[in-house]
Structure formats: C-alpha cells, structure tokens
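Participant: sharing a sequence plus its predicted fold:
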Amino acid sequence: MSKLPKQSPFYQELEQRCKHEGGVFFLDNEQEALAILEPGFARQVNAENYADLTLPDKLSDTLKGKSGCPFSWAEIRDSWFKSLHGHVQLDNLQQLFDEMCRLIEKRIDQELDLVVFAQEVIARSLLPVIIAELPDKAHALILADQNLKICPFTKEQPEPENFWQSVRGAMTQIRAGSAVRRELRARAKGTRPRQEDLLDPIVDMLPRLGIDRAVDAVTMILTAIAGPPGASASCLLYELCTNEEWQQKVCDELKEISPQALFAAPTKVAPVTHRFVKEILRHWSPPVITTREVRTDININPKHWQQAKTLKPGQEYVFSSYFIHHDPEHWPEPDKFDPDRFLPGAANGPKNRGSYVPFGWAPKACVGQTLGTYQLIIFAYLMATRYQVHLKDPEKVSMALAAMPLPLNFKGEIRRL
C-alpha cells in the first residue's frame, strides 16, 4: 500500500512553485489568478475580501429595481454558532452516534466502495442537524441532491457531464431548494413544528432576510456537508486500515471508554484519538485547493516581490490548507503522518499557530469545526470498537490528490466486532 499520494501535474507544479516562489505567485501570465499558499497572506486576503458580509438584495427587490433591507451573513453565522453549541452536548452527540450506527448497520457485510461509505455515513448523519424531522418526500429530494454533490468527490477523475446529466442535476437541485423553501414557510406559518436545527433560526429572520436569501443560506450549508467532512472520514478510515501503529494506539484508547464518557468530553477523554483526528485534518486536508472571486480591491506586497500589487474585483485567488500543511517552511517533516506532533513541545509541531488551518480562515471559516472534529472522533470510536474493515485487496490501496485527498481501490466490507 503506497503512503505517498498520487498528484496531478497541476498539483506538482503548485508544490514546486511554492518552494521556489515563496508561496504567493500568479498562476497565469495575464495575472488573473493568484495562488496564496502562505498562511499569513491567506489570512489577510480572506479577511479583506470578506470584510463586508452584506448579502445581495432579495430576488423580489432586484426584480422591482429597488434596494432591500441590508442583511449581514455574520448574523446568520452567529445564529448557527449558538445552535451548534447545543449539538456538541451529550444528548445531541448521542443522537449523532445513533444515526451513524443506523447508517453503518444498513451497509454491514456487503462489498462497498469505502470512500462512498464514509461520505454517505458522515453527510447523511449530519442532515438532521441542518433540517430535522423532514417529511419523507422532502428528505428524499434533499438526499438525491446530496448524492449528486458527493459523487464527484468519490472519483479520481469524474467524467464530464453530458447535456442531459446537467439538466438532471439542475432539476434535482431545484427540487431540493423547493423542499427547503416549503419547510421554511411551513415553520413560519406554524403548520410544521419548530426544531433545534440550523434551519430554525433562519425562520425568525425571514421578514428581513426574505425567502430567497434564506433558501440560499440553508442550501449552502447542505452543500458544505457533502464533500469535505466525508473526505476526512474516508482518510481517517484509510489510516486506520493502513497504519498499524496508530490503529493499535487508537483502538487501545477507545476500547476503555464508554460511549457516554466519550460524548461528555470527546477531546479530553480520548486525547490520542483527538491527536489522530487533528493529524488527519492536517495531513489530508480537504479540499486540496479552494478558489475565491475577488470582491474588493486588495493590496498585497510579499517580501519577495519587487513591488506591491492590487487584486481587483473579477480576478480570482486560490488557497490551500493542504499545501500549507505540507510546506516545510511551516511544518517540520510535513509528509510524515505523526499525530504526536500535536503534543506540547513536539519538535515537529507547527512553527507558528497560524500554520494549522484545516477549517479555513475568518470570517468564512467553517462554523461546524467543533462538531466536525467530534464527529470524526465518534467515527473512529465506531470503527475501532464496534466494527472493522475487511479490505478486498489491501496491496492495491493507495492515495491520490483529486478535488479532495482520495483513497484509491479502497474496497471492502464492514463487519461487526
């Protein structure tokens, strides 16, 4: 089993240019796209680019040619932070655990693509956190959209869509958005019960936010759980299957912990597993690169540039937690998988605090980072204490850098212990 990931020529070029050009460089001769692979500049550019989080006007106001009520994305994020605080408490983690068990049990003793398995278990178990107690038809529509979003992240080279596949994808997305719209309106009218989920605080904002912006907000977070969280889980499963040393350490720790003790304080009662999860998020950070459109003038002046430049709206920049996490300028022995680098005083720990950025940068950093970390610890617990993976052909398993870090030939069965 190969431990070094297969890289595309584009990723190889990025890695080499990062070493020789200081982590900040234009990708093209026209200087329309800037690569920012240095954490300080990535933090600066993201902060300036999203300093104004005012949402676009409601569609109805735009069609009428007038300006609507200004509304900041920060208000939505704040409401989600408050809601997510409840979801990392004992009772809600128990519910997440039970839902993950239910999804795993449906896949027991059958040959699986383990990347798809991890994606489905993680994304589907998070769905009730976003929209709880959906009617069956609405649930099916959102799952169909979720499946389409996950699919490209389970293949090294997704096949290009033909016209009819594009139409089908667009219709699936529209139907899922309509299901979200109906749920928002029904809760606002009182014909559907309020829930302790991320959709619920949006209901109270509807008079100022408007239904179109509300639907966009909810579908955005539904999109966010379809890809990166499952990619991290598939990489965790890969390391549990291929790294005997850390498989043993994680199993030895978790088998002594009850589920209730784990839910009460996941990172405190399972410090070895917590370090293991943190190293998964560093070593296999998804997505490999992220592209953002420049929204406002941004002045940048890296030390190795002869003069400052200004990014203008219409240009793009790309950044990458993955490449930052594998840069020896920021991490000693960056290509070595070693969770103990997170022990206090470790020689190969981060050279500065800002070098560990698995959840991105403010003000657009992932709102669910605590829940995401806890979910990965729970996933490790389940795969170490209740289930085990039987690989179909262990010698063929390897890693590649696709849109996300991706285990290849990762086939096998999930069996009960």
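Facilitator: Sure, I can see it. Residues are numbered from 1 along each chain as shown.

Participant: how about the helices in the stretch 1-150 of the chain?
Facilitator: 9-21, 39-49, 59-64, 73-87, 90-105, 114-130, 136-150 (DSSP state H, counting those that start in this stretch).

Participant: looking at the ones you listed, which is nearest to residue 411?
Facilitator: helix 114-130 (6.6 Å; Cβ to Cβ). In short, each C-beta sits where N, CA and C put it, glycine included.

Participant: give the other helices and strands that that closest one contacts.
Facilitator: If contacts are counted by 3 or more Cβ pairs under 8 Å, 6 or more residues apart in numbering; DSSP states H and E, helix 114-130 sits against helix 90-105, helix 136-150, helix 211-224, helix 228-242, helix 369-385, strand 405-408, strand 411-416.

Participant: how distant is it from the center of its chain?
Facilitator: 12 Å (Cα atoms, centre = their mean, to the nearest Å).

Participant: tell me the angle that helix makes with helix 369-385.
Facilitator: 130 degrees (axes from the mean of the first three to the mean of the last three Cα atoms, to 10 degrees).

Participant: any idea of the mean pLDDT for helix 114-130?
Facilitator: Taken as a whole, helix 114-130 has an average pLDDT of 98.

Participant: pick the most deeply packed of the helices of the stretch 1-150 of the chain.
Facilitator: Comparing the helices of the stretch 1-150 of the chain on average neighbours per residue, with mean count of other Cβ atoms under 10 Å, the densest one is helix 114-130 at a mean of 24.

Participant: and it, C-alpha only, in PDB?
Facilitator: The C-alpha trace of helix 114-130 is given here as PDB (Å, rounded to 0.1, in the frame of the first residue of the first chain):
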ATOM      1  CA  LEU A 114     -15.300   2.600   1.300                       C
ATOM      2  CA  VAL A 115     -14.900   6.200   0.100                       C
ATOM      3  CA  VAL A 116     -18.700   6.300  -0.800                       C
ATOM      4  CA  PHE A 117     -19.400   4.600   2.500                       C
ATOM      5  CA  ALA A 118     -17.600   7.200   4.600                       C
ATOM      6  CA  GLN A 119     -19.200  10.100   2.600                       C
ATOM      7  CA  GLU A 120     -22.700   8.700   3.000                       C
ATOM      8  CA  VAL A 121     -22.400   8.000   6.700                       C
ATOM      9  CA  ILE A 122     -21.000  11.400   7.500                       C
ATOM     10  CA  ALA A 123     -23.200  13.600   5.300                       C
ATOM     11  CA  ARG A 124     -26.400  11.700   6.000                       C
ATOM     12  CA  SER A 125     -25.900  11.700   9.700                       C
ATOM     13  CA  LEU A 126     -25.400  15.500   9.600                       C
ATOM     14  CA  LEU A 127     -28.600  16.200   7.700                       C
ATOM     15  CA  PRO A 128     -30.800  16.200  10.800                       C
ATOM     16  CA  VAL A 129     -28.500  18.800  12.400                       C
ATOM     17  CA  ILE A 130     -29.400  21.100   9.500                       C
END
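
Participant: if we can go back for a sec, JSON lines for the helices and strands packed on helix 114-130, including mean pLDDT and distance to residue 340?
Facilitator: Compiled in JSON lines, those are given as follows (pLDDT from 0 to 100; distance: least, Cβ to Cβ, whole Å):
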{"stretch": "helix 90-105", "mean pLDDT": "98", "distance to residue 340": "26"}
{"stretch": "helix 136-150", "mean pLDDT": "96", "distance to residue 340": "32"}
{"stretch": "helix 211-224", "mean pLDDT": "95", "distance to residue 340": "30"}
{"stretch": "helix 228-242", "mean pLDDT": "98", "distance to residue 340": "14"}
{"stretch": "helix 369-385", "mean pLDDT": "98", "distance to residue 340": "16"}
{"stretch": "strand 405-408", "mean pLDDT": "97", "distance to residue 340": "21"}
{"stretch": "strand 411-416", "mean pLDDT": "98", "distance to residue 340": "28"}
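
Participant: quick one: which of those is nearest residue 354?
Facilitator: Ranking the helices and strands packed on helix 114-130 by distance to residue 354, with Cβ to Cβ as the measure, places helix 369-385 first at 15.4 Å.
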